[in-house]
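A.B. asks: Prediction below, plus the sequence it came from.
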Amino acid sequence: MSDNDPVEGLHEVQEGIRRAAADYGRDPSSITLVAVSKTFPAEAIEPVLAAGHRVFGENYVQEAKAKWPALRERYPGAELHMIGPLQSNKAKEAVELFDVIHTLDRPSLAQALAKEIAKSGKTPRLIVQVNTGEEPQKGGVIPTEVDVFLEACRDQYGLTVDGLMCIPPAEDPPSPHFALLNTIARRHGLKVLSMGMSADYDAAIQLGATHVRVGSAIFGARTKR
């Protein structure tokens with residue numbers, strides 16, 4: 001972990017979001033900052049919680065399970081977002097632990113989540129991941145299959161989907177990917193657009209992001225896994 005001050009990083013990103021919202025005629029309160037705390041220990045996260053921030057993103061169920069129950073006891077308003085690939089066999093733990101799941105991307109996971117939601121009575125908000133760049137190594141529904149998948153989530157699995165998420169290919173300009181996601185969401189009347197990270201959240205806000213997922217600009221460079 002770098003020596004940067006995460007609270008300072010938090011304030012800089014919050015200011016960046018306010019500035020982008022003003023530039024593009026958006027209400028800053030319509031944009032949720034998801035502070036991506038994956039790979040960072042509880043002691044790095046706690047100052048950000050103490051500074052008043054409450055929305056965090058994690059990539060791994062086991063890691064979140066190890067850190068967050070104790071943190072939530074101290075900061076009961078904390079909201080936890082699953083932003084990494086989710087294995088179907090982790091659906092039970094994910095439904096128990098997370099308030100929002102951004103990575104619903106295949107029928108087997110939809111089925112597993114529907115089963116656990118029915119069993120537990122917990123209803124995390126669900127976001128479908130779209131693989132806008134159609135990258136074979138990346139999760140997500142390809143754009144031409146989103147309509148059918150959303151219909152199956154609703155009609156076959158009884159799930160309510162709140163919105164869409166994407167991670168543009170690293171080598172592409174992000175804006176066309178954000179615009180595509182926005183177009184698909186509008187077609188389906190979906191209000192939530194989870195898009196934009198540390199390097200490109202300004203462009204995402206311009207194109208309608210409601211949730212930006214920012215990690216390194218707050219917590220510093222993370223150790224590679």
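C.D. replies: Perfect, thanks for sending it. Residues are numbered from 1 along each chain as shown.

A.B. asks: Pretty sure Gly133 sits in a strand.
C.D. replies: No: if the criterion is DSSP: H, G, I helix; E, B strand; the rest coil, then Gly133 is coil and not within a strand.

A.B. asks: Please report how far the closest residue to Ser30 other than its chain neighbours lies from Arg187.
C.D. replies: Leaving out its chain neighbours, the residue that sits closest to Ser30 by C-beta to C-beta, 6 or more residues apart in numbering is Thr210, at 6.3 Å. For every residue, glycine as well, the C-beta is placed using N, CA and C. For Thr210, the distance to Arg187 (C-beta to C-beta, to the nearest Å) stands at 16 Å.

A.B. asks: ok, those two, which is more surrounded?
C.D. replies: Applying other C-beta atoms under 10 Å to Thr210 and Arg187 shows that Thr210 carries more neighbours, namely 19 against 11.

A.B. asks: ok, that one touching Ile31?
C.D. replies: Yes: contact criterion C-beta atoms under 8 Å: Thr210 and Ile31 qualify, at 6.3 Å.

A.B. asks: looking at the sheet around Leu126, what are its partners?
C.D. replies: Counting by DSSP bridges, Leu126 forms beta bridges with Ile101, Val161.

A.B. asks: how deep is it tucked in, by neighbour count?
C.D. replies: Leu126: 23 neighbours (other C-beta under 10 Å).

A.B. asks: give me every residue that touches it.
C.D. replies: Leu126 sits next to 100-101, 104, 113, 153, 159-162 when contact means C-beta atoms under 8 Å, 6 or more residues apart in numbering.

A.B. asks: of all those, which two lie farthest apart?
C.D. replies: The span of the contacts of Leu126, defined through C-beta to C-beta, is set by Val100 and Cys153 at 15.3 Å.

A.B. asks: model confidence over the helix or strand harbouring Pro69, on average?
C.D. replies: According to DSSP states H and E, Pro69 maps onto helix 61-74. Across helix 61-74, pLDDT averages out at 97.

A.B. asks: cool, stretch 184-199 as well?
C.D. replies: Rounded mean pLDDT across stretch 184-199 is 98.

A.B. asks: what sits up against it?
C.D. replies: Residues contacting stretch 184-199 (C-beta under 8 Å, 6+ apart): 13, 34, 36, 83, 102, 125, 127, 130, 143, 146-147, 150, 161-167, 174, 177-178, 181-182, 202-205, 207-217.

A.B. asks: Mind doing that once more with 6 Å?
C.D. replies: 102, 127, 146, 150, 162-166, 178, 181, 204, 208-214, 216-217 (C-beta atoms under 6 Å, 6 or more residues apart in numbering).
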